[in-house]
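A.B. asks: Provided below for reference: sequence and predicted model.
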Amino acid sequence: MIFIFLLTASVAYDASVCEASGDMRWYMLHATALILMAGSWKHMIESRIPAIVWMVVLLAAWSAVSLIWTINPWSSWWELKHVAGYAVLFWFVYALRSERWYMALIWATALGAGFNILIGIAQVHGASNVVVDYFQQTAPPAGTLANKNLLGSYLVLTLPAILYLVISRRKVIARITAATLFTAGAAILFFIHSRASWIAALSAAVFFAVWMILKHRKRRVVTIVLVLISLIFSVRVIAPKGDSFSTRLAYDLNGLAMIKDRPWTGTGIGTFREAYPAYNHAVIKTPPSGFSATMRPKRMHNDVEQAFVELGIPGGMAYIVIFAMLLIMTWKTKSMMVLFLMTGIVGLSVNALMDFPMQLPMAPIVIWTFAGMIAGIHSLQIKKECTKVSIGWMIPILTAGTVAAGILIIHDDWSRWRSQQYLRVIATRVAESKFDERTNALLTEAMNYYSWDMMLQEYRALIISKTGERN
């Protein structure tokens, strides 16, 4: 089931809603996590649970606790469902503990990346057909991932795993397939001209080279020197400039003021959008392209700092500790698969300092899958005895609770999806300055389905300011 989920999530797209490359993947994540849990309580509890699993549980629990003090419970509830889904995915991938299955999951990831690469190539060449045109992008070439920066992040994460397939497979067809995917993916990564992705890719290459020297005594100093020179040269040539850099700098500096005001609790998971207006000039004024009456930033373009803003120091540190644990596990294992997976994670982590790959579903789905695989292989190699713990009479209760929660979550997702379909039309009409009866009618329908979506509330306020009619 995880294999099918990874394969289908990488191509999922819903052009009928505003977050076309995001919402459908999140709905699939929620449903997959619920199905996995509902049918597996009998086998879920183990006698020996590694520390990294406890850290992931603590992260999810802290995210849930933030609902107590969040500045917007509905935004936090929406984001909490994602975090819970990632945690469940991580656990079940870890629990597989089979290098054969892990290889299958890497192939699922590679084939999904291949589809995005194929669509990206078509977009680079300006191809137009039913398939390519369906994947409407704000900044192509982007495959199915909305904009080129997100495609770049996704490739930085997945290309090392695809490269592992190239060097580890014995069958010629498997090697040729993986080599073709890697070459095409590297070419797209170059052509998308994403500064953050380029720097992240080069950082991943440096990490891999240093690791090979320190751990495996591969003293190819020339390689590391060349990579470092390339990194320095690239940073100099592609250094961020202009309004985009000023906007991101404002987010980063003003974000520090947000952390200062709520250092331990944060603003609540998923609430950066609601919290930022009060801080848009706390340290430096945000340029109009990054904050204005009609432009509200959804994401911080720095996922690491955003974790501290929303979850406070405890939540932000939880992410850092999990990353450190993965590094330690990688060092302790002899598996090259683990090293290549960790190289992708390091690359994406660097990218997350300059962009928002973790704020949309595809990169988190893959990174938590990779993390589960690293933890699983580490567990296999240290060979500590682990047995299933029987929870007897609790199984029916836990299963019933999962089913009840599933009904609530699926209904909530369906209501939001229907509302978003109306919102997509509303957004188009507002962009065309159509503040008429039809727009008001669409707004009423959207509100009837799911009234607490933050984007819908912002459009509602804008429409009221133009028409004076309340819905």
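C.D. replies: Looks like it came in fine.

A.B. asks: low-confidence stretches in the stretch 251-400 of the chain?
C.D. replies: 383-393 (pLDDT under 70).

A.B. asks: my guess is Arg273 contacts Met295. True?
C.D. replies: No. Taking Cβ atoms under 8 Å as the definition, Arg273 is not a contact partner of Met295, at 11.3 Å. Bear in mind the C-beta positions are built from the backbone N, C-alpha and C, glycine included.

A.B. asks: how about Gln137, secondary structure?
C.D. replies: Taking DSSP: H, G, I helix; E, B strand; the rest coil as the rule, one finds Gln137 in the coil state.

A.B. asks: quick one: it from Thr369, how far?
C.D. replies: 25 Å (Cβ to Cβ, to the nearest Å).

A.B. asks: and the two? Which one has more around it.
C.D. replies: Shown here are Gln137 and Thr369; by other Cβ atoms under 10 Å, Thr369 has more neighbours (27 against 21).

A.B. asks: what residues are up against the closest residue to the more buried one other than its chain neighbours?
C.D. replies: Nearest residue to Thr369 in three dimensions, chain neighbours excluded: Val93, at 5.3 Å (Cβ to Cβ, 6 or more residues apart in numbering). Shown in contact with Val93 (Cβ atoms under 8 Å, 6 or more residues apart in numbering): 2, 105, 368-369, 371-373, 376.

A.B. asks: after the longest helix anywhere in the chain, next one along is what?
C.D. replies: Secondary structure of the chain per DSSP state H: the longest helix is helix 394-431. Scanning forward in sequence from helix 394-431 by DSSP states H and E, the next helix or strand is helix 437-449.

A.B. asks: distance between that next one and the chain's centre?
C.D. replies: 31 Å (Cα atoms, centre = their mean, to the nearest Å).

A.B. asks: repeat for stretch 195-212
C.D. replies: 19 Å.

A.B. asks: which parts of that stretch are buried?
C.D. replies: 195-209, 211-212 (16 or more other Cβ atoms under 10 Å).

A.B. asks: follow-up on the earlier one: could you turn the buried ones of the contacts of Val93 into a ChimeraX selection?
C.D. replies: Applying 16+ other Cβ under 10 Å to those, the buried members can be selected in ChimeraX as follows:
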select :2,105,368,369,371,372,373,376
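
A.B. asks: Thr286 contacts Ala250, correct?
C.D. replies: Yes. Assessed by Cβ under 8 Å, Thr286 is found in contact with Ala250 at 4.1 Å.

A.B. asks: need the overlap of contacts for these two.
C.D. replies: Asn280.

A.B. asks: name the nearest residue to Leu249, ignoring sequence neighbours.
C.D. replies: Leu249's closest residue in space is Ile284 (Cβ to Cβ, 6+ apart), at 7.2 Å.

A.B. asks: possible to save the contacts of Val93 as CSV with distance to Tyr27 and secondary structure?
C.D. replies: Shown next, in CSV, are the contacts of Val93 (distance: Cβ to Cβ, whole Å; DSSP: H, G, I helix; E, B strand; the rest coil):
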residue, distance to Tyr27, secondary structure
Ile2, 17, helix
Leu105, 21, helix
Trp368, 17, helix
Thr369, 18, helix
Ala371, 22, helix
Gly372, 21, helix
Met373, 24, helix
Gly376, 27, helix
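
A.B. asks: where in the stretch 101-250 of the chain is pLDDT low?
C.D. replies: 216-243.

A.B. asks: make it 50
C.D. replies: 221-222, 233, 236-237 (pLDDT under 50).
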